[in-house]
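**Q** Provided below for reference: sequence and predicted model.
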Amino acid sequence: MRNLFWILLLANVILFAVMQRGGFDWGEPAVQPLPDLNGEMMRLLSALPGPPAKTTTAAPPSAIAKAALAPPAPPPASKLAAPREAKPDTPVCLEWGDFSGSDLTRATDALSGLQLSDKVGRRQIEQDIGYWVYMPPLKDKAAVNRKIGELKALGITDYFVVQAPGKWLNAISLGVFKTRDAAENFLHALNAKGVRTARVGERASKLTSTIFVLDKIDSGAHKKIEAMLKDFPGSELNVVPCGLTR
């Protein structure tokens, strides 16, 4: 028993010694350490040029906000629609009337001032006169002249003295109208000016009046004629198809 103890102790000592020297060599190939890399080659490889590095710069928040609020960029110039050409003023054709007596003279002078030359024509119409505003016939020429002086003093210059023989000789006509209402309204206007002896009556006769036909005038002349209407309250200005006989 004692011998077995010493044998085991000796075996442990031998085993410990062998382990301290690197263990048993069983014939297995030892792992060879990697050779040192050539430092010179490493420097050469690191010096070779490579693809340029991409540098990304983050946009500041303010720039991002401005980009979001900015209007979209316009399309290329080649895709932009060509601007439409402004249409010139379209000429119009008008009829203005109707005129007779002193109104015809004044309207003729007003149109002459526009220098429309051959663009102005005339056509005449014949109509029945239903009513007139007048002063009854006076006894003689001297009485007629005094009455005319009174009318001028009141600012009334549009009148006509009847000189044809008959019951209306030396009567003074102040205006003729198609309807009684129009004649009555005119009489009220005369009364407001101080005329006291005028009256409304029926008149069965015909009157030839004139209508101006204006051919293809521009917008400027059109506006000027419209402005004239205030000086001719009984007249009408109408747009008509062009090409009517003048």
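**A** Yep, it's here.
**Q** where are the low-confidence patches of the chain?
**A** Within the chain, the stretches falling below the threshold (pLDDT under 70) are 1-3, 5, 13, 16-88, 244-246.
**Q** Can you show me the strands along it?
**A** Ranges of strands in the chain, per DSSP state E, are 92-99, 120-135, 160-161, 172-177, 199-217, 236-240.
**Q** and the longest one, what other elements does it pack with?
**A** In terms of contacts (3 or more Cβ pairs under 8 Å, 6 or more residues apart in numbering; DSSP states H and E), strand 199-217 is packed against strand 92-99, helix 101-112, strand 120-135, helix 180-193, helix 219-228. Just so you know, the C-beta spots here come from the backbone N, C-alpha and C atoms, and that holds for glycine as well.
**Q** same thing but at 7 Å, please
**A** Other elements packing on strand 199-217 under the criterion 3 or more Cβ pairs under 7 Å, 6 or more residues apart in numbering; DSSP states H and E are strand 92-99, helix 101-112, strand 120-135, helix 180-193.
**Q** Okay, now the sheet partners of that strand, with direction.
**A** Each strand pairing with strand 199-217, determined using DSSP bridges, is listed with its direction: strand 92-99 (antiparallel), strand 120-135 (antiparallel).
**Q** Also the shortest one?
**A** Paired neighbours of strand 160-161 in the sheet (DSSP bridges): strand 172-177 (antiparallel).
**Q** next one: the last one
**A** Partner strands for strand 236-240, per DSSP bridges, with pairing direction: strand 92-99 (antiparallel).
**Q** and the partner strand, C-alpha only, in PDB?
**A** Output in PDB follows, covering the C-alpha atoms of strand 92-99 (Å, rounded to 0.1, in the frame of the first residue of the first chain):
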ATOM      1  CA  VAL A  92     -69.300  99.200 -84.200                       C
ATOM      2  CA  CYS A  93     -72.100 100.700 -86.300                       C
ATOM      3  CA  LEU A  94     -74.600 103.100 -84.600                       C
ATOM      4  CA  GLU A  95     -77.800 104.900 -85.300                       C
ATOM      5  CA  TRP A  96     -78.500 108.200 -83.500                       C
ATOM      6  CA  GLY A  97     -81.700 110.200 -83.800                       C
ATOM      7  CA  ASP A  98     -84.100 111.300 -84.600                       C
ATOM      8  CA  PHE A  99     -83.500 115.000 -85.200                       C
END
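**Q** Helix 101-112 and that strand, what's the angle between them?
**A** 150 degrees (axes from the mean of the first three to the mean of the last three Cα atoms, to 10 degrees).
**Q** List of residues touching strand 92-99?
**A** Contacting residues not belonging to strand 92-99 are listed as 107, 125, 209-217, 222, 225, 235-242 [Cβ atoms under 7 Å, 6 or more residues apart in numbering].
**Q** Pull out the buried members of those.
**A** Restricting those to buried positions leaves 107, 209-215, 217, 222, 225, 235, 237, with burial counted as 16 or more other Cβ atoms under 10 Å.
**Q** returning to what we had before: would you mind finding the most buried of the strands paired with strand 199-217?
**A** Mean neighbour counts were compared across these using mean count of other Cβ atoms under 10 Å; the top stretch is strand 92-99, at a mean of 20.
**Q** That strand to helix 219-228, inter-axis angle?
**A** For strand 92-99 against helix 219-228, the angle by the same axes, to 10 degrees is 20 degrees.
**Q** Perfect, that will be all.
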